[in-house]
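Student: pasting the structure only:
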């Protein structure tokens, strides 16, 4: 399998507005024969062959599974467009009608003067391409100028750099509030562009207008398949003469061959007993939407490092498993098993986890077999409804951990509440919600006390937050959203935006704990802190929880923690006075628990007393 040398490169430079990182791809000087041979080894890029025809455009809309996979495909597209540019230059074609004006060297000079780049000898972040070490300030300046003016260099931009965030649905209000743009190169100053459509939506009106105006420049649009809008694609075809190239995810066979090639280039080989394909499948599940061919090189380097650390001799790798950070934390399965009671809820959760894992593995098998199936994405979002202290948050954490272990998600768990989602002024909320979903992407987003977003019917901020959440749930289905609300709050929340109801796959109701279950929770918590509960204390604990449940502010599972904290405080006081030592430090006696329970119940009685002036004694 032949592969070109086109790679992403980076330049770091310092401007008055702050540091700027420029990413670009530089074409490899491949011949037409070499490119055809390369494509033979890349069946997932079969449609790229159409770009090599004489009449093919230099503007390409690349439809891909993920942004990362699209950028991997750009390596080949950049080489093809570079070859076409060479043909054009050699032929010196006549009759070209340019409706726009090409940028001259003076235009570029004016652009860099306007940018006001300061080339300070003391600044280490001066422009440096990967593998390049400029010797002078002038050389640094030339490096960036040649990057922009050379059509063989494709500078990579996010769509939000083109449309000022319109692809993230920020709207006119937010655009005004954003103020000054962040430091960076102006897209119009570059001779060739790659635009990755990585916003909430793809191809905003501003982006389309911009790429249509770049008539004489090579432009590659990287568009995830789940964000394709056929009407917008048709406009690019009709008005801009774009070529549409649909790619598929590279097969496991291709990735295995590519990995073996990388290892061979490092001077090593892989033992025949190693399951290369299986390891790559695991890596793909773990990396999710971030997986790319560059991960294969990282995997090879990790295997090589392990080979040397274990002092193995020879050039045959026997362990290429993905490296993991391990701790003493419980697994998701263990976390679920440790939850007291809620057997019905645990059955529902386990079934849902298994369903999603089964669906994920089935999709992999169907893709490997080449079967054509519908792009069905099951709704994975859930709502946990129940009184305070019924273990909703703990259950969500355990569920997220288990889903990460099975490769259903990337293992991310992000817990937020109203203050993380609602802005201080109209327009800020959409931006905050977009940032939260970006952090949780591919994992589990847990929105605690979601009922607070229901508002009172006149809360425009809450309405904006719920609308933004619904929009993200629809567009970013690789993220699992779990709402935690009290009993009746979910209905009020769905009344804010009816679209929310259809985007929640399952409502799970959490029953209140019984006094006996709370006693079990208390003992379990005490054990996890290193304590032993004296035998016979169960009756005392059950009696306490029965009485505590009469309070309006009763916290169910939290009440067990509250009692344990108070008991621990009583133990500390007793130990300091009596000089406890050894096993006595770890035994929670009936007497100590009784004292702690009495204090908490006494506080409850104090709260029930009327607040005001004491009655005046009779004369």
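Tutor: Happy to help now that I have it. All values derive from a computational prediction rather than experimental measurement.
Student: and residue 11, that's in a strand?
Tutor: Yes: applying DSSP: H, G, I helix; E, B strand; the rest coil, one finds residue 11 inside a strand.
Student: could you list every residue that touches the most centrally placed residue in the chain?
Tutor: Nearest residue to the geometric centre of the chain (C-alpha atoms, centre = their mean): residue 441, 2.6 Å. Counting by C-beta atoms under 8 Å, 6 or more residues apart in numbering, residue 441 makes contact with 289, 412, 476, 478-479. In short, each C-beta sits where N, CA and C put it, glycine included.
Student: hang on, residue 415 is in a strand, isn't it?
Tutor: Yes: with the criterion set as three-state DSSP, the secondary structure at residue 415 is a strand.
Student: which of the contacts of residue 441 tops the neighbour count?
Tutor: When neighbours are taken as other C-beta atoms under 10 Å, the top entry among those is residue 479 (24 neighbours).
Student: Would you mind confirming that it makes contact with residue 438?
Tutor: No: between residue 479 and residue 438 there is no contact under C-beta atoms under 8 Å: 9.6 Å.
Student: beta partners for residue 316?
Tutor: residue 269 (DSSP bridges).
Student: Dump the contacts of residue 441 to CSV, plus distance to residue 80 and secondary structure.
Tutor: Below are the contacts of residue 441 laid out as CSV (distance: C-beta to C-beta, whole Å; DSSP: H, G, I helix; E, B strand; the rest coil):
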residue, distance to residue 80, secondary structure
289, 26, helix
412, 36, coil
476, 32, coil
478, 30, coil
479, 35, coil
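Student: now, which of these sits nearest residue 548?
Tutor: Of all the contacts of residue 441, residue 412 has the smallest distance to residue 548: 36.3 Å, by C-beta to C-beta.
Student: Quick one: neighbours of the closest residue to the closest one other than its chain neighbours, just the number.
Tutor: Excluding the flanking residues, the one nearest residue 412 by C-beta to C-beta, 6 or more residues apart in numbering is residue 443, at 2.6 Å. Burial of residue 443 is recorded as 21 neighbouring residues (other C-beta under 10 Å).
Student: What residues does residue 443 make contact with?
Tutor: Residues in contact with residue 443, defined by C-beta under 8 Å, 6+ apart, are 400, 404, 409-414, 479-480.
Student: Kindly recompute the last result at 7 Å.
Tutor: Contacts for residue 443 (C-beta atoms under 7 Å, 6 or more residues apart in numbering) come out as 400, 409-414, 479.
Student: Now do it, the pLDDT please.
Tutor: Predicted confidence (pLDDT) for residue 443: 90.
Student: State the distance from it to residue 476.
Tutor: Per C-beta to C-beta, to the nearest Å, residue 443 is found 11 Å from residue 476.
Student: what do you get for residue 225?
Tutor: Applying C-beta to C-beta to residue 225 and residue 476 gives a distance of 14 Å.
Student: Quickly find the element holding the closest residue to residue 47 other than its chain neighbours.
Tutor: Nearest non-adjacent residue to residue 47, counting by C-beta to C-beta, 6+ apart: residue 245, 4.8 Å away. Assigned by DSSP states H and E, residue 245 belongs to strand 243-246.
Student: ok, and what's touching that strand?
Tutor: Taking C-beta under 7 Å, 6+ apart as the rule, strand 243-246 contacts 47-48, 50-51, 56-57, 59-63, 233, 237.
Student: do that again at 6 Å, thanks
Tutor: 47-48, 56-57, 60-63 (C-beta atoms under 6 Å, 6 or more residues apart in numbering).
Student: Max pairwise distance over the residues you listed: which two?
Tutor: 56 and 63 (16.2 Å).
Student: more neighbours, those two?
Tutor: A direct count of neighbours by other C-beta under 10 Å for residue 56 and residue 63 places residue 63 higher, at 21 against 17.
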